[in-house]
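Coordinates for the following, if possible.
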Amino acid sequence: MTELELIFSMLGEASTTAIVKTKNPKEFIQNKVAAKQGGRIAGDARKVLEIKTGEKVVSKDNYLHEGKKTGQLNKGKKK
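As a prediction, this is how the structure comes out:
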């Protein structure tokens with residue numbers, strides 16, 4: 001994931017958490033609604049940025065392949 005993908009993912013999670021804290025849903029359906037609302041906030045923000053920049057936020061790139069390799073994620077994996 002790119003840095004922006006991570007940021008928008010975190011925005012969706014934080015938005016959902018804030019909605020859950022204020023609405024205090026008790027049932028699955030209520031939590032599902034809160035999750036969709038939080039995701040929509042992040043999705044709308046992503047779309048606005050894409051319109052303003054003319055570039056897509058979502059990519060197929062792996063964030064660790066952008067020069068930030070730690071080597072720790074590959075331990076134990078067979079090639």
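
Helix, strand, or coil at Asn31?
Following DSSP: H, G, I helix; E, B strand; the rest coil, we place Asn31 in the helix state.

Which stretches in this protein count as helices?
Counting by DSSP state H, one finds helices in the chain at the ranges 3-23, 28-53.

Relative to Lys60, which of those is closest?
helix 3-23 (10.7 Å; C-beta to C-beta). Backbone N, C-alpha and C define where each C-beta goes, glycine included.

quick one, what contacts the spatially most central residue of the chain?
Nearest to the geometric centre of the chain sits Ser9, at 1.2 Å (C-alpha atoms, centre = their mean). By C-beta atoms under 8 Å, 6 or more residues apart in numbering, Ser9 lies in contact with Met1, Ala42.

Could you rerun that using 6 Å?
Listed by C-beta atoms under 6 Å, 6 or more residues apart in numbering, the contact set of Ser9 is empty.

distance of Leu6 from Gln37?
21 Å (C-beta to C-beta, to the nearest Å).

Now render the helices of the chain as JSON lines, adding mean pLDDT and distance to Asp61.
Below are the helices of the chain laid out as JSON lines (pLDDT from 0 to 100; distance: least, C-beta to C-beta, whole Å):
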{"stretch": "helix 3-23", "mean pLDDT": "96", "distance to Asp61": "9"}
{"stretch": "helix 28-53", "mean pLDDT": "97", "distance to Asp61": "16"}
